[in-house]
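Asks: predicted model and sequence follow; I will ask about them next.
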Amino acid sequence: MNNLYPSHMVTKHRQKEIWSGRVYELRFNLGLTQEEMAARLGVTRMSVINWETGRFLPAPAIRSQIIELENQAPSKITRVTA
């Protein structure tokens, strides 16, 4: 079978899937509405909707902001100590 993409390349479709989940998960972890997330990133609510549904990718500058927010977000993993 002939692969069109080397294994290290991610297709545009897959990138959209990855970022849609990432944006939604971050927003959920921060407890924000789409409107609040949009305000934090300086975009419209429709942009957030389009990213979460995988219709569009966030621009590179916005991706950097999303990564910064991820670093500030509370962890979704709760550790239990005995």
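Replies: Good, I have the coordinates. Numbers count the residues shown, from 1 in each chain.

Asks: next SSE after the lengthiest helix in the chain?
Replies: Counting residues, the longest helix found in the chain (DSSP state H) is helix 12-30. Once the chain leaves helix 12-30, the next helix or strand it forms, by DSSP states H and E, is helix 34-41.

Asks: how far away is the nearest residue to Glu35 once chain neighbours are set aside from Asn29?
Replies: Beyond its immediate neighbours in the sequence, the residue positioned closest to Glu35 (CB to CB, 6 or more residues apart in numbering) is Arg45, lying 4.9 Å away. In short, each C-beta sits where N, CA and C put it, glycine included. Shown here: Arg45 relative to Asn29, a distance of 19 Å by CB to CB, to the nearest Å.

Asks: low-confidence ranges, this structure, go.
Replies: Counting by pLDDT under 70, the chain contains low-confidence residues at 1-9, 75-82.

Asks: Pro58 against Trp19, yeah?
Replies: Yes. If you go by CB atoms under 8 Å, Pro58 and Trp19 touch, sitting 6.1 Å apart.

Asks: overlap in contacts of the two?
Replies: Both Pro58 and Trp19 are in contact with Trp51, where contact means CB atoms under 8 Å, 6 or more residues apart in numbering.

Asks: quick one: contacts of the strand or helix carrying Trp51?
Replies: When elements are assigned from DSSP H and E, Trp51 belongs to helix 45-52. Contacts made with helix 45-52 from outside it, assessed by CB under 8 Å, 6+ apart, are listed as 19-20, 23-24, 27, 34-35, 37-38, 41, 56-58, 62.
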